[in-house]
Each structure stands twice: as C-alpha cells, then as structure tokens.
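K.L.:
Return atomic coordinates for the entry below.
(chains A and B)
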Amino acid sequence: MNVLSTIFYRYKKVLKVAKLYLLIAGPGIIVMVADNDAGGITTYTATGARYGFYLIWFLILLGPVAYYVQEMTVRLGAVTKRGHAEAIFHSFGAFWGWFSLLDLVLVDWLTMITEFVGMTAALSIFGVPPIVTVILSWILMGTMVVQGRYWTWEKAALVFCALNLIYIPAAFMINPPVQKILHGSFIPQLPPGGFTNALFFLIMANIGTTIAPWMVFFQQSAVVDKNMQEKDMLWGKIDTAVGSLLTVVVAAGCVVLTGTLLPGQNISDAATAAIRFMGINKYVGAFLAIGLFDAGFLGAICISLASSWAFGEVFGWAHSLNHKIKEAPWFYAYYFFDLLLAGTVVLIPRAPLVLITLFVQVIAVTLLPAALVFLILLLNDEQTMGQYKNTRFQNFANISIVAMIIVVSTLYGISAIFPNILGG
Amino acid sequence: MIVNFFRNATGTVKTINRKYAQPHMKMTTAVRFSLGLLRFYLLFLVAIMVYKFVVTLHQ
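P.N.:
Have a look, this model is predicted:
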C-alpha cells in the first residue's frame, strides 16, 4: 500500500510539474521551431543532399549556440519588462535605437517575403495557385490574433510548431541508414573532399540560419507580453532548451531525408527537393511540402509580430496580444500591413525574388552583430540586471558564441555581395 | 487615422528623441569601446556595399 501511495504521490508531482511547464512553455519553443523557417529548411535540405550525414554533428553543436543566445533574452525580458527595441532605446539612446528599429523593420519585411515565397512554392506542389496560398495564409494569420488573447495565439502557434516536426516521421518512412546517421551525428568529421569553399559556404549558411535578428527581438517581447516574472525564469530557460532540441531534431530530419534520397545532388531550394521526392515516395514529398509551408507560416507570424511589438514599445502604442484589435489598433495595423505587403510582393509577376533573398543576407549582417552586442552589454549591466547579470562562465560562453556568429555572418554577407570571393 | 498618424509623425519622433536623448546605461570603457567597434564595423559594411554598387554601375 505504501509503495502504491508513493507511486501515486510521485505521479501527481510529475503531473503538476508538467502542467506548470505547459503553462509557461511557449516563447522558447515557438522562436526556436520558427527558426527552422523556409530559408532554414532550404539550407538543411541542401546540406543533406550535398554532404549526406557528414555534417549532422555540426548541426547538433548549433543547438547550444542558439540556446545560449536566446536564454539571454529570457532573462533580460523577465527582469526589465522591456522588449529588445525599447531596451536599446532606453540604454543606448535614440541613435542606436532608431538604427536597430529601422534595420529590424527592413530585414523583417524582406525575410517575410522569403517566407511567403516558401509557402507559395510548397503549396504549388499540390496545385494550389500562389494567390490562394497567400490569401489562405492571411486569413489564418488574422484568425490567430483576432481573439485578443496571448494564450490563444501561443497555443495556436504551438500547434504549427508540432506540425513542423513532420520531418521526423518522414525521415523514418524512408528506412534511413541508422548506423551511418549515428556515426555522422556523434563523430565529428569532414565530408570526403575535405574543407572546400563550397563546404565553408554551407557551414556559414547553417550558422546564419541558426540565429537571426528577429529571434532576439521576438523572444524578449514575447516574454514581456506573457508577463513572465523573475521566478518563472527557470521555466523560460527550460522552454528555450526544449525548443533548441526540437530545432536540431528537425534540422537533422531534413538532412536525413535529402541525404538518403537525393545524395550528391545540388538542391537550390526545399520545394525542388519536395518535387524530386514526389517521384520517389509521394508521401515523403507531400510531408516535405507541408513542412515547408508550415515553416514559412511560422516564420511569417513570428517575424511580423517581432516588428509590431518593437514599434509598439518605442511609439508607446498598446502592443499586447492580450488586447483586442480596437484596443491596440496601431499594433494590429502594423502586423497586418507587414503581412499584406510581404504577401503582395510575392504575387507581383517577375518580382526580383532572388535579389530579395540575397538582400536579406546582406541587411541581416548589419543588424545581427548590433543586436547581439547590445544583448551582451545589457546582460552585463548590474544596474539593469541586478543579481541576474551574466556570470563569468556565461560571459565566456556568450561572448565566444557572439564573436563566432559575427565573424561567420559577416563572411556570409560579404560572400553574398561578392559571390566569387569563396571561389564560387 | 492614417492621415492623422503622418501629420503627427514628426512630433512623435521628436518626443521619442527627447525621451531617449541620454543613454541610461553607465558608459564604462568597455561599453564605449564596444559601441565604437560597432560603429567601425557598420561603416566598413556600408563602404563595401557602396563599393559594390559603384562597381556594378560601371559594369
């Protein structure tokens, strides 16, 4: 009887902890899974097709990198109750504030166009015309926020996050070579041919897709909108850690898919990979297409919100998802304006979409280092953070990661401007 | 609403500039150095973008 009561007590305790986690979970998982946006999925499928399973270990290493950066936004948001845009204005003055805000608006809008490109390309595989995809996406995006409750938006976003995991069953459906995958996952190695310029470019692309400027702004604002307190910080960190695990698993799933079915092929985008899969296994092709649509959709809603929150914080508009549309008209107006503008660009015949994709990489390079440097400085300011400021170990880890991201993303941006700098 | 927004935009921007005229962070040597490095980095990026633009125009 005693054993049974102990088991029951422990079960209730675990259930209570799980319920508490589900209440707090949200921003970390959403931002990390949305990080695997349309551009991210394209990068992973290209990596798998080109280099098979040889770089999975590297993708696994990127999980902690993303965690360490995003964890700082949880602490900063919970302690200061300010979003990243407002924190920059407050701590560094109007010059750096305007620079960050305007750069964020531009890079977010350009990135959103690439998300819509991904969504339309994905559904066109099923014969859905781009205009229908765009209108359907707008309706879905509007429905998610129209309730005027952060909770509703977050839970709906989590459903789309769950759909993003579709790559995992897809990877199991093709009977992948498990031994080779485990070898590629846990034994660091370079692909045959060694360290080439093409390999360096893909490594840079993978790092570049791991941390994007909008992620820093999004998670900090989401933590504030969720009203996360200092006592909730541990749960916020766990949420971010779970999210970073999921992001790595999804990335590895994509690599396994193309590494198994399209080895040695050059893939320009994920939609091309899905079309080729259709000829091999139509279910796997359909899964990849659905996943690509979902990735673009998640990316678009998070990126648009990141900009709306930033504008609301700085301009002093009501800027919470807990407000109804009539209570925060400017916040929602900007959210919809951003989505409408990005979706419309994709529908313009002969729009320079390739140039836009290139521009995203270049403009992101101007904002990302600034956002990360501000993050580190704020996390070291005792006046701002008090007892939650960075420890010596956190500074060592965070500064090393940020320095690495800055160097690599700069090289990536420069190689986008001068494509021949890495020998093509 | 939109016309009003643009009519008041200059005033709003001025208010924001006044509100955040002074940085609230203590400007230690490390902070000054980091911000200086950031300015240099951004100027470098702008310079290579301008260079690329000029080269493309002359092609």
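K.L.:
Please save the CA atoms from stretch A:8-15 in PDB.
P.N.:
C-alpha atoms of stretch A:8-15 as PDB (Å, rounded to 0.1, in the frame of the first residue of the first chain):
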ATOM      1  CA  PHE A   8       0.700   7.900  -6.800                       C
ATOM      2  CA  TYR A   9       2.300  10.800  -5.000                       C
ATOM      3  CA  ARG A  10       5.200  10.900  -7.400                       C
ATOM      4  CA  TYR A  11       2.800  10.700 -10.400                       C
ATOM      5  CA  LYS A  12       0.800  13.600  -9.100                       C
ATOM      6  CA  LYS A  13       4.000  15.600  -8.500                       C
ATOM      7  CA  VAL A  14       5.300  14.900 -12.100                       C
ATOM      8  CA  LEU A  15       1.800  15.800 -13.400                       C
END
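K.L.:
Just the buried residues of it, please?
P.N.:
Using 16 or more other Cβ atoms under 10 Å in any protein chain shown as the test for burial, stretch A:8-15 gives no buried residues. In this view, the C-beta of every residue, glycine as well, is placed from N, C-alpha and C.
K.L.:
Would you state the helices of chain B in chain order?
P.N.:
B:2-19, B:29-58 (DSSP state H).
K.L.:
The last one and chain A, are they touching?
P.N.:
Yes: Helix B:29-58 comes into contact with chain A when judged by Cβ under 8 Å from any Cβ of the partner chain, the residues involved being B:30-31, B:34-35, B:38, B:41-42, B:45, B:48-49, B:52.
K.L.:
what about the helix or strand hosting A:Ile7, average pLDDT?
P.N.:
Assessed by DSSP states H and E, A:Ile7 sits inside helix A:2-24. Here helix A:2-24 scores 81 as its mean pLDDT.
K.L.:
And the next helix or strand past it?
P.N.:
Heading C-terminal from helix A:2-24, the first helix or strand you meet, by DSSP H and E, is helix A:27-35.
K.L.:
Quick one: list the elements packing against the following helix or strand past that following helix.
P.N.:
Next along the chain after helix A:27-35, taking DSSP H and E as the criterion, comes helix A:38-51. When contacts are defined as 3 or more Cβ pairs under 8 Å, 6 or more residues apart in numbering or on different chains; DSSP states H and E, helix A:38-51 packs onto helix A:94-124, helix A:197-210, helix A:233-261, helix A:270-280, helix A:282-315.
K.L.:
which parts of the helix or strand following the last one are buried?
P.N.:
Right, the one you point to is helix A:282-315. Counting by DSSP H and E, the next helix or strand C-terminal to helix A:282-315 is helix A:329-347. Of the residues in helix A:329-347, A:330-336, A:338-339, A:342-343, A:345-346 count as buried by neighbour count, 16+ other Cβ under 10 Å.
K.L.:
for stretch A:161-175, same thing?
P.N.:
For stretch A:161-175, the neighbour count (16+ other Cβ under 10 Å) marks A:161, A:163-168, A:170-171 as buried.
K.L.:
mean confidence score for it?
P.N.:
93.
K.L.:
what about it, start to end distance?
P.N.:
Length of stretch A:161-175, first residue to last, Cα to Cα, to the nearest Å: 25 Å.
K.L.:
Could you list the residues in contact with it?
P.N.:
A:29-30, A:33-34, A:36, A:246, A:249-250, A:252-254, A:256-257, A:260-261, A:281, A:283-284, A:287-288, A:290-291, A:294-295, A:298 (Cβ atoms under 8 Å, 6 or more residues apart in numbering or on different chains).
K.L.:
remind me which residues of the chain are low pLDDT?
P.N.:
In the absence of a named chain, chain A is used. A:1, A:358, A:422-424 (pLDDT under 70).
K.L.:
wait, I meant chain B there
P.N.:
Across chain B (using pLDDT under 70), the flagged ranges come out as B:1-2.
K.L.:
can we see that at 90?
P.N.:
B:1-12, B:26, B:41-42, B:44-59 (pLDDT under 90).
K.L.:
What number of residues are in the vicinity of the residue lying closest to A:Thr120 once chain neighbours are set aside?
P.N.:
Closest residue in space to A:Thr120, ignoring its immediate chain neighbours: A:Pro130 at 4.0 Å, by Cβ to Cβ, 6 or more residues apart in numbering or on different chains. Look at A:Pro130: counted by other Cβ atoms under 10 Å in any protein chain shown, it has 17 neighbours.
K.L.:
what does chain A put close to chain B?
P.N.:
Looking at chain B, the residues of chain A close enough under Cβ under 8 Å from any Cβ are A:89-94, A:96-97, A:314-315, A:329-330, A:362, A:365-366, A:369-370, A:373, A:376-378, A:380-381, A:383-384, A:410, A:413-414, A:417-418.
K.L.:
From the residues you listed, list the buried ones, please.
P.N.:
Of the residues of chain A next to chain B, these count as buried by 16+ other Cβ under 10 Å: A:89-94, A:96-97, A:314-315, A:330, A:362, A:365-366, A:369-370, A:373, A:376-378, A:380-381, A:384, A:410, A:413-414, A:417.
K.L.:
among the residues you listed, which are in helices?
P.N.:
Per DSSP H, these map to helices at A:89-92, A:94, A:96-97, A:314-315, A:330, A:362, A:365-366, A:369-370, A:373, A:376-378, A:384, A:410, A:413-414, A:417.
K.L.:
quick one, what contacts whichever residue of the stretch 301-424 of chain A sits closest to chain B?
P.N.:
Nearest residue of the stretch 301-424 of chain A to chain B (Cβ to the nearest Cβ) works out as A:Ile417 at 5.0 Å. By Cβ under 8 Å, 6+ apart, A:Ile417 lies in contact with A:362, B:48-49, B:52.
K.L.:
try it again with 10 Å
P.N.:
Listed by Cβ atoms under 10 Å, 6 or more residues apart in numbering or on different chains, the contact partners of A:Ile417 are A:358, A:361-362, A:365, B:45, B:48-49, B:51-53, B:55-56.
K.L.:
what about the residue nearest to A:Ile24 when sequence neighbours are not counted, neighbour count?
P.N.:
The shortest distance from A:Ile24 to any non-neighbouring residue, by Cβ to Cβ, 6+ apart, is to A:Trp235 (3.8 Å). Residues near A:Trp235, counting by other Cβ under 10 Å, number 19.
K.L.:
what sits against A:Trp235?
P.N.:
A:17, A:20-21, A:23-26, A:28, A:74, A:228.
K.L.:
Whichever of those residues end up buried, select them in ChimeraX.
P.N.:
The following ChimeraX line selects those of those that are buried, judged by 16+ other Cβ under 10 Å:
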select /A:24,25,26,28,74,228
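K.L.:
Tell me the one among the contacts of A:Trp235 nearest to A:Gln265.
P.N.:
A:Gly28 (34.7 Å; Cβ to Cβ).
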